[in-house]
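Student: Let's see this in three dimensions:
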Amino acid sequence: MKTELEKIAKITLEKVGQKLNYKGYLDLRGTTITSLPDNLTVGGYLDLRGTAITSLPDNLTVGGYLDLEGTTITSNKKINRYAPFVYFWRNRKYIKSDGIFSEVVKERGNVFHIRMIGKNIISYLITDGQNHWSHGDTLRDAKNDLIFKICDRNKSDYEGLSMDSELSHADAIICYRVITGACSFGTKDFINNRLNGNKKNKYKIAEIIKITTGEYGNGEFKEFFNK
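Tutor: Sure thing, here's the model as predicted:
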């Protein structure tokens, strides 16, 4: 029997044991959906803006960002954001983690040599084996970033900021990482790409939200300052 999600979104979920997998992104805005099935994995982003869903299911994994704007959901602590999605195409292996899609050039244990799509430079992706993943230009950078992710992060430092509060470029990256858990490698990459050489000394919180629209953690970042 099809789930409510499959009927409304007109998709087919891949069933592996108790898990229900969907490799793409799910935009459920404007639908009549009221709940999501337990043990659901969405490979891309999950957009629930304006839906009647009141709580997240157990064991939900989202590879991209999660947007809860306009819902009554007050907590997304149950969500697992760090499990990567693996793809195979034409005898090549690809992996998506923290919203970064890359080709796996070589792997050994918990260390992956990767090439981001559209780039020729080899970088690193590592895991602690406990569902925490981190990128880096060098193996050392990736390891340091993984330590940052595993350690407790103090979000309370930013609770007093408003949409008009300003942060330096470096502080904006740190703030985004602390609130979303995104890695330094990915955050710097997509912020710098979005700036297109127009780097400023200061950015308002509202500007950071706009710059990172569609990127990993944007929904969580926006939700933090819309409380």
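Student: how deep is Leu36 tucked in, by neighbour count?
Tutor: 22 (other CB atoms under 10 Å). Just so you know, the C-beta spots here come from the backbone N, C-alpha and C atoms, and that holds for glycine as well.
Student: swap that for Cys175, sorry
Tutor: 23.
Student: from here on, count from 58
Tutor: Will do, 58 is the new start, and the previous item becomes Cys232.
Student: isn't it right up against Tyr215?
Tutor: Yes: using CB atoms under 8 Å, Cys232 makes contact with Tyr215 at a distance of 5.7 Å.
Student: quick one: buried residues of the helix-or-strand element of the chain with minimal mean pLDDT?
Tutor: One helix or strand of the chain scores below all others by mean pLDDT, DSSP states H and E: helix 241-252, with a mean of 71. Neighbour-count burial for helix 241-252, counted by 16 or more other CB atoms under 10 Å, picks out Ser241, Phe242, Gly243, Thr244, Lys245, Asp246, Phe247, Ile248.
Student: Quick check: which element contains the residue lying closest to the fifth one once chain neighbours are set aside?
Tutor: Nearest non-adjacent residue to Lys245, counting by CB to CB, 6 or more residues apart in numbering: Ile230, 6.1 Å away. Under the assignment given by DSSP states H and E, the secondary-structure element containing Ile230 is helix 226-237.
Student: can you point me to the longest strand in this structure?
Tutor: Looking across the chain with DSSP state E, the single longest strand is strand 157-165.
Student: For that strand, buried residues please.
Tutor: Ile157, Phe158, Ser159, Glu160, Val161.
Student: One more: stretch 112-119?
Tutor: Using 16+ other CB under 10 Å as the test for burial, stretch 112-119 gives Leu113, Pro114, Asn116, Leu117, Thr118, Val119.
Student: Give me the subset of these lying in strands.
Tutor: Short answer: the buried residues of stretch 112-119 in strands (DSSP E) are Thr118, Val119.
Student: where does the chain have low pLDDT?
Tutor: Along the chain, segments meeting pLDDT under 70 span 120-122, 132-142, 187-188, 205-210, 249-250, 252-255, 284.
Student: domains of it?
Tutor: 70-124, 142-207, 212-282 (automatic domain parsing).
Student: could you redo those as a markdown table and give each row distance to Glu63?
Tutor: Below are those laid out as a markdown table (distance: least, CB to CB, whole Å):
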| stretch | distance to Glu63 |
| --- | --- |
| domain 70-124 | 6 |
| domain 142-207 | 19 |
| domain 212-282 | 23 |
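Student: Just tell me which of those ends up closest to Lys59.
Tutor: domain 70-124 (8.5 Å; CB to CB).
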